[in-house]
Each structure stands twice: as structure tokens, then as C-alpha cells.
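**Student:** This is a predicted model, with the sequence first.
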Amino acid sequence: MSRPINSLTKYSLQQRLVLAFGILLILFLGLTGLVLDRAFQESIEASVEERLQLQIYAVLGVAEPDIDATFFVPDLEEARFSQIDSGLYAFIFDQHGNEVWRSPSAVNMLLSELNMTVQDIDPGQMVYGSTQTQEQGPMSFASYGTYWSSLEQEFNFVVLESVAPTDAEINEFQSNLWLWLGGLAVFLSLAQFVLLRWGMTPLKQLAQDLAEIEAGNKEQLGEDYPSELHNLSHNMNMLIQSERQRQSRYRTTLGDLAHSLKTPLAVISGVAQQDRKLNKKDMADISEQIERMNQIVSYQLNRATKTSQSKMLVTPVLIQLVVEKLSAALNKVYLDKKVKLELEVSEGATFYGEESDLTELLGNLVDNAYKYCQQQVQIQITQTDKSLTIIIEDDGAGIEEQYRHWVLERGARADTRETGQGIGLAVALDIISSYGGELKVENSALGGASLQVNLKTD
Amino acid sequence: MRLLLVEDEDLLRAQLVKALEDNGYIVDSVQDGEMGLFQANEFSYDAAIIDLGLPKINGIDLIKAIRSAGKVFPILILTARDKWTDKVEGLDAGADDYVVKPFQIEEIKARLNALLRRAAGFAKPSLDFAHLSLDTSAKKLTVSGNPVELTAYEYKVLEYLMLHPGQVVSKMELTEHLYDQDYDRDSNVLEVFVRRLRQKLDPEESLKPIDTVRGQGYRFNVPPN
């Protein structure tokens, strides 16, 4: 199951959706804007052409030819034809391109600039175009070819209109259009962000619940997820529960196995001790072998029952309670020794792991301290954000420097150790290393050994 | 000293019974928790040895039941589970010490001795009264530092009286704790043991350590050192 991790983890779900919708939104609004802009311009152009056409018809309608092939155009309804430089101009050219009439508005216009409006146009044909003039700026024009039968001549009727007002109209439309589309984009982006957050809430809740389970504040996921996640949360709950049960069943089974292996060992040991025919040497051999078998069984079963590192199933353990229970038990066992125990546990110190692991770890180390002390044992447990430190000191003989590393290494495998040594330290070392911690042996100010356990908690 | 032994493994139970009886204890042995509870409620014991993995009522629950019935005799746990969780649970339930299987019989005897002594309030392995000293592990008596020979029954009587100093111990109680149930209980035998003990402990009759309380029993009247 190896998949390129990058492609899956580079973006969060929300980032993916925001990115995808963002791109879609920009494309959609951009295209919409372009289409609307184009359509508006076309409709404006069409309306300009229509207007020009109407003006040409208006001029045609009132134009009266003179015999000398000039025209007289009285009473044009459109006032702008009469106003100088009004922006609307009309011309009539003969078939040779010579001007035969111009509207009063066009008195200032240079004829040379109008050449292109006078083309070879068949009668009845309407041509539209645009041209640039010096004084009046850019213009749209319509040119209409007609045959005047009374004069037996073709004429071109031309109407020009300044495009300035149209441009202004288009510009205004464009800036309005993009302003609105931009506003819409901002609004939709915000709405999309809010909606995504809302839609993602159950997933966030799920992640939070899982974190709570990891931290041990919750036993399982809630049931109040939307229907799409309900199956997932239900199955995860089942998985968590069945894994917890499996672990507890596993531990019980191994405990039973220990019981059923060790009772026969006890019987064999008893038989050997009561057999009067056995000499001392044989007795010692049998005892030694039984002890070895016992230690291997204990050690391997302990290893097997040690919990996996799955944080999911861990419930936080208040260390104070465990230490108090343990010291009460040890005080009972070592009652004759009248051990003075000084206990200092920083408030709320918590072990993130199996309670049985902590009990086993502390049990083995503190039992050693009780066993080897004269009268004094000190336990100091401090917790910071990153680590948990357990220091166990006694006023016994201590561990000589040359043996310390041997003490720390012999936990590696119980079956390679010499007989006669307890497996307590080996078990403790195993637990410490399975939680990624370390054990140090030093001299205590009390005079004996100081064992220091460091466990990472982050 | 009368002991209650609750162990479900027949062979182991038989071995323990034999070893303990060889050592002078009276042992009532049963094989499950239910019978263990019955015995504990019906008879008076000086100590109990209880296996944790028992049928019917498990060891922990049995200990809890015995303690909640107000019995204070010391309890030694036998357990195959050598995890601290189990030991702590057992001790927390009311047991006083534990021995992990497989064990040496000697260890059981030593722990038992210590528990009995402790229950009587003695911290050291020897019970010391004035110039009398009874070593409970070696089962030896010294008077003013000189060893004094005791028969097994003399030792049992003296140990029981010394473990209950200042208390009146009836002849009935003494017989119950010194003899098997099917033993012929003749109180005259007790009187013989006590008379012989008085002679061995105090030949000059200067200390008079054992009082006879008429109609009630005997009392060891020397305060412990």
C-alpha cells in the first residue's frame, strides 16, 4: 500500500475544495463577463447601425434633386444635422465621389478625411464602417448607394456619427459589469468558504473526537455524525472496542497461561524438595532449572503482554494513584523494615500508556529500592510538557560504577542471564524501551542507588 | 498454629500440607474459594495461605470476603501471576504478603513465620521477654542466652502463648490451634506441657512467666522487651 504521500497530503480537503471552486469561479465569472461584454458591444453596434440607417432614410426621404445634379435637403427632423459639430453629419456624393451636399452640422469637416466613406456601392446597398477624423474624433458611418432616375445618376448618401457617446456608454457598461462580477466573486468566495467550513464541521469534529480518544478523554466516537459519516464512526467505534477487548483477552489468556505453566513448576519443585533420596547437588540442579524455566516463562509472558504502542487505545493514568497503591502494598510486604518513604509526585502527573505497564515498571524498581535500602526510599516524579522523569533513590549499598552498564544491559534477554537474578529490572527496562524512554543509574545523595527513568510524553 | 490452606492444584496442596505439618503447623486444606470461605468463617485460624487462581470464588474475592467478615489473621497469597498489578490487587484486597509460584517450601515457611510474628506485634524474628528468647525461624529457645531443649509440642504451646502475651488463652483455644481436629483432646496433656515449660523457662521460679487463670486458661504475663 505505497502511494505517493505528497499527492495525498499536500493539500487539505478544504484547501482542495477552495482551490477547485476558486478556479471554477474565476473561469465562470471571467467567461460570463467576456460574453456579456461582447453581447453588449454587439447590440450597441447594431443599434448604431440601425440609427445610421434611419438617418440615411430620413435624409433620402426629404432630399430633392436639382437639375444640376445637386440636392436640396430641407427640414431635417433631426436637429443635430443643423447644429455645427453636433456629432451627426450627412453627405451626398455623386458617382464620381464629388460632394453634392452636406448637412449644416458638417461645415467644418475636411472632405479628405471622408474618402473611405465614398466607395463604389451598388444602388440599394448599405455599407457600414468607421473612420478617424482629426477634429471630430472617431466616427461610425453608413453609406448607401442609390440611383436617382430623374437625374439618371448614382449617388452615395453618407451619415456619420461620432462614436464618443457610444464609447462612453460601453465603457460605463464595462466598468459596471466588472465591478459587479468582482463583487460577486468576492461574495461567492466568502460564501463558499463559510459553506465549506460548515460542511467540513463533522469531519473536524471527527478529527477532534479521535484526538480526544488519543488523549484518553473519551472512550469512543459520538453517534451524532451526519449520515455519510455515521457508518465510518460506527465502524471505528467497533474497531476501537474490539481492539480493546482483544488486548484485554490477550492479557487474560497469557495470565492464565502463566498460571497453568507455573503451578506444575511449583509441584515439581515441591516434589524435588520432599524427595529424601535426592542428594544436595541434584536438588540444587533441579531448583536451578526450575528457576530458569520460571524466569523464561515470566519474562517472555511479560514481553508478550506489554501493550502495543497504539496511542489510540491508551487511557491516561494518574501516577499518584498508582504509586500510592504500590507503596501501600510494599509497606505491607516490608513491614519489618519500617521503610521511610518520601514521595513527591508533581500534581496531575500523568502516564500515557497502560496502567499495568506503569505498575509493572514502578513495582519492579521500587521493590528493588525497598529490598536494598537500609531504611529510606525516595520517589520523585516530575512531569514537563515533553517528558516524565521518575527518580527512585535508596540509602542502601548502591550499585558500583563498574556494574552499572551490566545492570543496564542485562535486560536484553532473560534467558541469557545467570540464574539467581530476578527478572524485575529486565522487565522494567523492556517497558521503558517500549515507551521510547531511557534508564540511568547514579549515586543517590542518600548513599545508595539512584535510578532515573526518562519517558518522552510529547 | 492452625493454618487454612486454599489451593486448587491437588499435588501442590498435598505437598504444602505435608511440608507445613512437618514443620509443626496444623493445616486445614480445601480446594476452592467457597470451601475456603466456609472454613474461615467457621473456625479460628492463625494464618491463611490462599492461591489467587481459585475455582468458585477467586482468591481476591475470597480475601475480601474474609476481611469483611472481620477476620484479622495474616493472609499469604500464592500466585502464578507475578505481575505487579496482581500482587498489588491482592495486597490491596487485604492480604499481607505474597509468594510467587514456583516457590521453595522454605520461603513459604519463612514468610509464614514472619507474618505470625508480625501479627502478634513483634518486628524481629525472635520473641524476647525479659531473659527469655524464642527464635521462631530456628525454633530454638534460649534462657539467659543458654539454649534450652523443647519438644515439638512444648515449643508449640510456648510459641502460641508468647504470640498472645497478656491474653488469657483457654485450653480449648490452645488445643484447637495445636492439634488436628481428629486428635484426642485431653486437657491433662496440656497441663503436663505447661508444667514442664514452667520448669524449663524458670527453674528458680523468679519470673513465673505463665499464669494459670482459674477456670479460664493460661496467660503469658511477661511484657515483651
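**Tutor:** The structure has been received and is ready for your questions.
**Student:** can you list the domains in chain A?
**Tutor:** A:216-305, A:306-456 (automatic domain parsing).
**Student:** can the shortest one be found next to chain B?
**Tutor:** Just to be clear, that refers to domain A:216-305. Yes - counting by Cβ under 8 Å from any Cβ of the partner chain, chain B is contacted by domain A:216-305 at A:255-256, A:258-263, A:265-271, A:273-274, A:287, A:290-291, A:294, A:298, A:302, A:305. For every residue, glycine as well, the C-beta is placed using N, CA and C.
**Student:** could you dump the domains of chain A to CSV with mean neighbour count and mean pLDDT?
**Tutor:** Formatted as CSV, the domains of chain A follow (neighbours: other Cβ atoms under 10 Å in any protein chain shown; pLDDT from 0 to 100):
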stretch, mean neighbour count, mean pLDDT
domain A:216-305, 15, 80
domain A:306-456, 17, 80
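**Student:** As JSON lines, these with distance to B:Thr136 would be great.
**Tutor:** Shown next, in JSON lines, are the domains of chain A (distance: least, Cβ to Cβ, whole Å):
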{"stretch": "domain A:216-305", "distance to B:Thr136": "21"}
{"stretch": "domain A:306-456", "distance to B:Thr136": "12"}
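**Student:** For chain B, what lies in contact range of chain A?
**Tutor:** Counting by Cβ under 8 Å from any Cβ, the residues of chain B near chain A are B:9, B:11-12, B:15-16, B:18-19, B:53, B:80-88, B:91-92, B:96-98, B:100-105, B:114, B:118, B:123-124.
**Student:** Not including adjacent chain positions, what is the nearest residue to the closest residue to chain A within chain B?
**Tutor:** Nearest residue of chain B to chain A (Cβ to the nearest Cβ) works out as B:Trp84 at 2.9 Å. Spatial nearest neighbour of B:Trp84, excluding adjacent residues (Cβ to Cβ, 6 or more residues apart in numbering or on different chains): A:Gly363 at 2.9 Å.
**Student:** quick one on the thing from earlier: now, the residues of domain A:216-305 next to chain B that are in helices?
**Tutor:** Judged by DSSP state H, the residues of domain A:216-305 next to chain B include A:255-256, A:258-263, A:265-271, A:273-274, A:287, A:290-291, A:294, A:298, A:302, A:305 as members of helices.
**Student:** which strands and helices sit next to the lowest-mean-pLDDT helix or strand in chain B?
**Tutor:** When each helix and strand of chain B is scored by mean pLDDT, DSSP states H and E, helix B:171-178 comes last, with a mean of 82. Using 3 or more Cβ pairs under 8 Å, 6 or more residues apart in numbering or on different chains; DSSP states H and E, the elements in contact with helix B:171-178 are strand B:2-6, helix B:152-163, helix B:187-201, strand B:217-220.
**Student:** go with 10 Å
**Tutor:** Helix B:171-178 is packed against strand B:2-6, strand B:26-30, helix B:152-163, helix B:187-201, strand B:217-220, with contacts defined by 3 or more Cβ pairs under 10 Å, 6 or more residues apart in numbering or on different chains; DSSP states H and E.
**Student:** nearest to B:Gly70, of those?
**Tutor:** When the helices and strands packed on helix B:171-178 are compared by Cβ to Cβ, strand B:2-6 sits nearest B:Gly70, at 15.4 Å.
**Student:** Just want to check the distance between the residue in chain A that chain B sits nearest to and A:Leu261.
**Tutor:** Per Cβ to the nearest Cβ, A:Gly363 is where chain A lies closest to chain B, at 2.9 Å. Going from A:Gly363 to A:Leu261 by Cβ to Cβ, to the nearest Å gives 21 Å.
**Student:** now A:Asp394
**Tutor:** 33 Å.
**Student:** Could you do A:Lys218 as well?
**Tutor:** 38 Å.
**Student:** remind me, longest strand of chain A?
**Tutor:** In chain A, with assignment by DSSP state E, the single longest strand is strand A:137-148.
**Student:** other SSEs contacting that strand?
**Tutor:** Going by 3+ Cβ pairs under 10 Å, 6+ apart, strand A:137-148 lies up against helix A:13-62, strand A:88-94, strand A:126-133, strand A:153-162, helix A:164-215.
**Student:** hmm, try it at 7 Å
**Tutor:** Under the contact criterion of 3 or more Cβ pairs under 7 Å, 6 or more residues apart in numbering or on different chains; DSSP states H and E, strand A:137-148 touches helix A:13-62, strand A:126-133, strand A:153-162.
**Student:** what's near enough to touch B:Arg111?
**Tutor:** By Cβ atoms under 7 Å, 6 or more residues apart in numbering or on different chains, B:Arg111 lies in contact with B:Leu76, B:Asp97, B:Val99.
**Student:** would you list these in a markdown table and tack on pLDDT?
**Tutor:** Below are the contacts of B:Arg111 laid out as a markdown table (pLDDT from 0 to 100):
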| residue | pLDDT |
| --- | --- |
| B:Leu76 | 94 |
| B:Asp97 | 91 |
| B:Val99 | 89 |
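**Student:** These in strands, which ones?
**Tutor:** Per DSSP E, these map to strands at B:Leu76, B:Asp97, B:Val99.
**Student:** mind giving me TSV with those and columns for neighbour count?
**Tutor:** Shown next, in TSV, are the ones in strands among the contacts of B:Arg111 (neighbours: other Cβ atoms under 10 Å in any protein chain shown):
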residue	neighbour count
B:Leu76	21
B:Asp97	21
B:Val99	18
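**Student:** coming back round to it: which one of the helices and strands packed on strand A:137-148 lies closest to A:Asn331?
**Tutor:** Nearest of these (Cβ to Cβ): helix A:13-62, 55.8 Å.
**Student:** Tell me the helices and strands packed up against that closest one.
**Tutor:** Secondary elements touching helix A:13-62 (3+ Cβ pairs under 7 Å, 6+ apart): strand A:88-94, strand A:126-133, strand A:137-148, strand A:153-162, helix A:164-215.
**Student:** export those to CSV and tack on mean pLDDT, mean neighbour count and distance to B:Val143?
**Tutor:** Output for the helices and strands packed on helix A:13-62, formatted as CSV (pLDDT from 0 to 100; neighbours: other Cβ atoms under 10 Å in any protein chain shown; distance: least, Cβ to Cβ, whole Å):
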stretch, mean pLDDT, mean neighbour count, distance to B:Val143
strand A:88-94, 89, 24, 149
strand A:126-133, 87, 14, 142
strand A:137-148, 88, 19, 140
strand A:153-162, 89, 23, 143
helix A:164-215, 88, 13, 68
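**Student:** Please convert the ones you listed to JSON lines, extending it with distance to B:Tyr218.
**Tutor:** Below are those laid out as JSON lines (distance: least, Cβ to Cβ, whole Å):
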{"stretch": "strand A:88-94", "distance to B:Tyr218": "146"}
{"stretch": "strand A:126-133", "distance to B:Tyr218": "140"}
{"stretch": "strand A:137-148", "distance to B:Tyr218": "138"}
{"stretch": "strand A:153-162", "distance to B:Tyr218": "141"}
{"stretch": "helix A:164-215", "distance to B:Tyr218": "65"}
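**Student:** what pairs with B:Ser98 across the strands?
**Tutor:** To be clear, residue B:98 is Tyr; Ser isn't right here. Per DSSP bridges, residues listed as beta-bridge partners of B:Tyr98: B:Ile77.
**Student:** Please name the residues that touch it.
**Tutor:** B:Ile77, B:Thr79, B:Lys87, B:Gly90, B:Leu91.
**Student:** one more time with 6 Å, if that's ok
**Tutor:** The contact partners of B:Tyr98, taken as Cβ atoms under 6 Å, 6 or more residues apart in numbering or on different chains, are B:Ile77, B:Thr79, B:Lys87, B:Gly90.
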